[in-house]
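> sequence and predicted model, in that order:
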Amino acid sequence: MKKAAKYMGIVAVVIAGLFLSLYFNNAIGTPKSKIEKDARISHKIEPSWQVAKSTTDTISAMLFYDENLSNYVFSIYENRKGLSFGYFFRSGGSANVENEGIAEYKAEGHQEKAYLSMNKQQVVKIEIDKGNTVEIINIDHTKPFAVILPVGLGAIKIYDIDGNVLPTIPQTL
């Protein structure tokens with residue numbers, strides 16, 4: 001019995017050491033379910049602000065904004081490849097690109113792009129032409145949006161309320 005307790009103690013110390021090693025080497029991030037909360041705390045975002053967000057298994061993009069649509073903050077998290085758990089902050093702030101147009105963020109090493117906009121251009125839909133089929137993502141033209149799409153999915157066109165195709169503003173992370 002004494003021997004079993006000794007081995008249990010050694011196993012507990014090894015597990016604790018492994019956990020601490022992962023934590024201090026930045027291999028443990030924020031769980032998917034707590035990304036928004038983490039971003040609100042990190043950027044000191046008021047609880048009254050709304051959020052437009054999109055999250056996949058590799059990237060999370062959020063655009064927080066006040067009720068007047070006059071102030072905003074974006075936040076992008078990534079789920080790193082390799083030995084890591086959770087999502088890690090990659091970029092954020094208010095670069096004014098999202099206010100002027102449609103910001104297109106591409107993280108190096110990821111096969112997805114995040115599209116963020118305060119939607120002053122009144123985007124109503126995103127059309128993805130896959131060759132044989134066309135997928136349409138409807139957007140509320142009165143609200144900001146965040147959408148993540150895979151790279152190489154097909155030709156992507158973003159339309160405003162008048163049917164005009166809008167350009168994106170490429171950003172690197």
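Yes, it's here. Numbering: from 1, shown residues only.

> which parts of this structure are helices?
Counting by DSSP state H, one finds helices in the chain at the ranges 2-24, 35-42, 97-100.

> how far does the second one sit from the chain's center?
Read that as helix 35-42. Counting by C-alpha atoms, centre = their mean, to the nearest Å, helix 35-42 is centred 12 Å from the centre of its parent chain.

> contacts only, for A107.
59, 76, 78, 90, 173 (C-beta atoms under 8 Å, 6 or more residues apart in numbering). Any C-beta I mention is one placed from the backbone N, CA and C, and that applies to glycine too.

> minimum pLDDT in the residues you listed, which residue is that?
pLDDT is lowest at L173 among these; the value there is 76.

> ok, it touching R90?
Yes: counting by C-beta atoms under 8 Å, L173 touches R90, with 5.4 Å between them.

> please say which of those two ends up with more neighbours.
R90 (18 against 14; other C-beta atoms under 10 Å).

> just the contacts of A107: which are in strands?
59, 76, 78, 90 (DSSP state E).

> if we can go back for a sec, intersection of neighbour lists for L173 and R90?
With C-beta under 8 Å, 6+ apart as the test, L173 and R90 both reach 76, 78, 107.

> spatially nearest residue to the second one (excluding sequence neighbours)?
By that I understand E78. Setting aside the residues directly before and after it, E78 is nearest to R90 in space (C-beta to C-beta, 6 or more residues apart in numbering), at 4.7 Å.

> wait, what's in contact with the one you found?
Counting by C-beta under 8 Å, 6+ apart, R90 makes contact with 76-78, 107, 173.

> same question, G93
Here G93 is in contact with 73-74 (C-beta under 8 Å, 6+ apart).

> relative to Q122, how far out is it?
For G93, the distance to Q122 (C-beta to C-beta, to the nearest Å) stands at 24 Å.

> low-confidence stretches in this structure?
Scanning the chain for pLDDT under 70 picks out 1, 4-28, 82-84.

> let's see that with 90 instead.
The chain contains residues with pLDDT under 90 at 1-32, 42, 57-58, 79-86, 88, 90-100, 106-112, 129-134, 150-155, 171-173.

> no further questions, thank you.
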